[in-house]
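Novice: For reference, the sequence and a predicted model appear below.
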Amino acid sequence: MCGIVAYIGNKPAYPILIKGLRRLEYRGYDSAGIAIMNGDLNIYKIKGKVDDLENFVAGKDVQGTMGIGHTRWATHGEPNNINAHPHLSGNGRLAIIHNGIIENYNTLKEILIKNGHSFSSETDTEVLVHFIEEIQNKYELSLEEAVRKALSSVIGAYAIVIIDKDDPNKIVAARKGSPLVVGLGDDEFFLASDATPIVEYTKKVIYLNDEEIVSIDRNNFEIRTIANIPRTPEIKEVDIEVEALEKGGFDHFMLKEIYQQPDSVSDGMRGRLNAAEGWIKLGGIEEFEERFKKAKRLIIVACGTSWHAGLIAEYLIEELARLPVEVEYASEFRYRNPILGEEDVVIALSQSGETADTIAALELAKFKGALIYGIVNVVGSSISRLTNAGSYIHAGPEIGVASTKAFTGQLTLLTLIALYLGKSRGMLGKSQYQKMLYELQEIPDKIRQVLKQNDQIKYIAGEMKDTNNAIYLGRGFNFPIALEGALKLKEISYIHAEGYPAAEMKHGPIALIDEKMPVVVIATNKNAYEKVVSNVQEIKARKGIVIAIVAEGDTVIKDLADFCIEIPETADPLSPLLSVIPLQLLSYHIAVMRGCNVDQPRNLAKSVTVE
């Protein structure tokens, strides 16, 4: 849930580390630090942002061509200077940075204290580096051998990078359950949590697998498993341009990514949909088409915004393909002893492809014999390598912590899957299928039309910005959009908001409605439209403030609502791809007006790599 960057080569390490940490800020963090090898081992770390670290380091010795850097998201111990990474071993030789959680750190700590070790921080990471030191000294081992032996006794998830003052030309790194990428340059090597800090210097990367250890010197590298088995790595090309990691003239990454959605949705369909010729092609589905057609049910596992996309997929697949779907929080799935078998297909949704809870759910499903299918954004991520098959959403790098274009990318792909299965299972007539293909193909242009209402949405945001609470209501395909809209508002503006099926308002939430309560109603449904009108009337009867999302040309709800945002007409199953856009913009503008850090909301991380 935090960021790692490291460098060894012939260039000054400090500028590479600082720039790399800035590239990783989107992952979420509360402190930052670096260690530079320059004859001595110089460590600088501080609570706060990378800017604070850079100010703290100003005027200090940062010379050296090897170093490690880290942004920490607090797990063990509060955010402060002492708990920030890197951490030192007791003898001052070893410095380590670490993502993940060492679950048996208390047991290890008790053993180490008995052996004379003392600790200055509250972290599991400091325990780990002391444990490696203990083994290195006890058995007189090299750094990589000590790391290998230590990790064989460690329980938990980790991505670690460690350097030794007595071996100033070597970096050792390892991973289990937390991502780590090795970048291969010309006589230089890079390590990072993902490829974003690396692409400026090299496109050649190696994605370490679980329980692999890489030992890097200035001329070469070697990968072995914790069991000391040598591995021949697969070198891949990263398809990310540096420009994609910049704001491109927008005030925030989130706003840029909202405005990228016409293109990102179109990219998700490119090569997969041709309405004129009447086909959808999905390689991962086609490879296992019989398993999908014969599946007893589909089970979707996801967290957060991805879980909302999964809920919409339940409506889509059951409506269009008549195949039962269950949607599970990945964090609950593995702990409730689920009934799974070879007739089930488990679909995992994750922007990063590194979500720890989702990975754990997939591992259980795989063990039970289910077919596992991944839908992720990040190429080479853990989920993409764990699954039997899958599809990338091709949304491009998403830097804002609050997901926008990745969500609509997931919806696009899930819609394609629903239509593909509907046709292959014989549940969609030819004319209905063809009509849906044309409707879907038009969605990017319709998103552009919604974005043209940005100024109006900004005005509405100004009317909502001082509220403390909000309710979001939707029906059918747009009920999950109500959940997603409420989540966006919570995430980036820190306003308490809840989403409900519109009909559930009468079963409790209506007690909250008064003249101070804004209620966002997504009212584009053709089905049950009159019911939504009744819900709006109930809100207005209690003096609630109604912000309505309606289909273009609506007059009934438009006359009832205090504020109205129109979206282009489309088929009901596709309406979430449009109705979510104004809710993203509304949350964004409210957060900006409240002075919130839109791209890096407090306490949140982009990639949740711990359970």
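Specialist: Everything's here; your move.
Novice: What segments of the stretch 201-350 of the chain are strands?
Specialist: 204-207, 212-217, 221-225, 236-237, 273-274, 279-280, 297-302, 325-329, 344-350 (DSSP state E, counting those that start in this stretch).
Novice: Give me whichever of the ones you listed is most buried.
Specialist: Mean neighbour count (mean count of other Cβ atoms under 10 Å) peaks for strand 344-350 among those, with a mean of 27. C-beta coordinates here come from the backbone N, C-alpha and C atoms, glycine included.
Novice: From the contact counts, what lies against that one?
Specialist: Here strand 344-350 touches strand 297-302, helix 304-321, helix 356-367, strand 371-376, going by 3 or more Cβ pairs under 8 Å, 6 or more residues apart in numbering; DSSP states H and E.
Novice: picking up where we left off before, which of the strands of the stretch 201-350 of the chain sits closest to residue 424?
Specialist: strand 279-280 (9.5 Å; Cβ to Cβ).
Novice: what separates residue 109 from residue 157, distance-wise?
Specialist: The gap separating residue 109 from residue 157 is 18 Å, by Cβ to Cβ, to the nearest Å.
Novice: These two: who's more crowded?
Specialist: Between residue 109 and residue 157, counting by other Cβ atoms under 10 Å, residue 157 is the more crowded of the two (22 against 19).
Novice: Let me know whether the more buried one touches residue 98 as I believe.
Specialist: No - with contact defined as Cβ atoms under 8 Å, residue 157 does not count as touching residue 98 (9.9 Å).
Novice: sorry, back to before: nearest to residue 190, of the helices and strands packed on strand 344-350?
Specialist: Distance to residue 190, taken as Cβ to Cβ, is lowest for strand 371-376 among the helices and strands packed on strand 344-350, at 22.6 Å.
Novice: Any idea how far the closest one is from the middle of the chain?
Specialist: Chain-centre distance of strand 371-376: 15 Å, with Cα atoms, centre = their mean, to the nearest Å.
Novice: same question, stretch 356-365
Specialist: Its chain's C-alpha centre and that of stretch 356-365 lie 15 Å apart, by Cα atoms, centre = their mean.
Novice: avg pLDDT for it?
Specialist: Stretch 356-365 shows a mean pLDDT of 92 in the predicted model.
Novice: Kindly reformat the helices and strands packed on strand 344-350 as CSV containing distance to residue 253.
Specialist: Listed next are these as CSV, based on distance: least, Cβ to Cβ, whole Å:
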stretch, distance to residue 253
strand 297-302, 22
helix 304-321, 16
helix 356-367, 23
strand 371-376, 19
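Novice: Which of the ones you listed sits closest to residue 571?
Specialist: helix 304-321 (10.3 Å).
Novice: That closest one to strand 371-376, inter-axis angle?
Specialist: Going by axes from the mean of the first three to the mean of the last three Cα atoms, to 10 degrees, helix 304-321 is angled at 120 degrees with respect to strand 371-376.
Novice: buried set for helix 304-321?
Specialist: The neighbour-count check on helix 304-321 (16 or more other Cβ atoms under 10 Å) flags 304-317, 319-321 as buried.
Novice: and the nearest residue to residue 289 once chain neighbours are set aside, what is it in contact with?
Specialist: Among residues not flanking residue 289 along the chain, residue 424 sits closest, at 6.3 Å (Cβ to Cβ, 6 or more residues apart in numbering). By Cβ atoms under 8 Å, 6 or more residues apart in numbering, the contact set of residue 424 is 289, 292-293.
Novice: what's the answer for residue 398, then?
Specialist: Going by Cβ under 8 Å, 6+ apart, residue 398 touches 257, 351, 377, 404-406, 606.
Novice: residues near residue 459, how many?
Specialist: Residue 459 has 11 nearby residues by other Cβ under 10 Å.
Novice: where does it land on pLDDT?
Specialist: So residue 459 comes in at 98 (pLDDT).
Novice: Provide the secondary structure category for it.
Specialist: Per DSSP: H, G, I helix; E, B strand; the rest coil, the secondary structure class of residue 459 is helix.
Novice: Kindly provide the distance from it to residue 589.
Specialist: 9 Å.
Novice: Same question for residue 504.
Specialist: Relative to residue 589, residue 504 is positioned 28 Å away (Cβ to Cβ).
Novice: what bridges to the nearest residue to residue 231 once chain neighbours are set aside?
Specialist: Leaving aside its sequence neighbours, residue 231 sits nearest to residue 223 (Cβ to Cβ, 6+ apart; 4.5 Å). Per DSSP bridges, the residues bridged to residue 223 are residue 214.
Novice: contacting residues for residue 223?
Specialist: Going by Cβ under 8 Å, 6+ apart, the list of residues near residue 223 reads 206, 208, 212-215, 230-233.
Novice: can we see that at 10 Å?
Specialist: Contacts for residue 223 (Cβ atoms under 10 Å, 6 or more residues apart in numbering) come out as 173-174, 182, 206, 208-209, 212-216, 229-233.
Novice: Strands of the stretch 501-611 of the chain, start to end?
Specialist: All strands of the stretch 501-611 of the chain, identified by DSSP E, counting those that start in this stretch, fall at 518-523, 545-551, 563-567.
Novice: hey, which of the ones you listed is tucked in deepest?
Specialist: Mean neighbours per residue, mean count of other Cβ under 10 Å, is largest over these for strand 518-523, with a mean of 28.
Novice: neighbours of the nearest residue to residue 142 once chain neighbours are set aside, just the number please.
Specialist: Of all residues not flanking residue 142 in the chain, residue 167 sits nearest, at 7.6 Å (Cβ to Cβ, 6+ apart). Residues lying near residue 167 (other Cβ under 10 Å) number 16.
Novice: can you pull up the bridge partners for residue 167?
Specialist: According to DSSP bridges, beta-bridge pairing links residue 167 with residue 164.
Novice: That one contacts residue 145, doesn't it?
Specialist: No - using Cβ atoms under 10 Å, residue 167 makes no contact with residue 145, being 11.7 Å away.
Novice: what residues are up against the residue nearest to residue 142?
Specialist: 37, 93-94, 142-144, 217.
Novice: And for residue 53?
Specialist: Residue 53 neighbours (Cβ under 10 Å, 6+ apart): 17-18, 21, 31-34, 44-47, 69, 71, 84.
Novice: Could you do residue 288 as well?
Specialist: The contact partners of residue 288, by Cβ under 10 Å, 6+ apart, come to 295, 345, 371, 373, 388-389.
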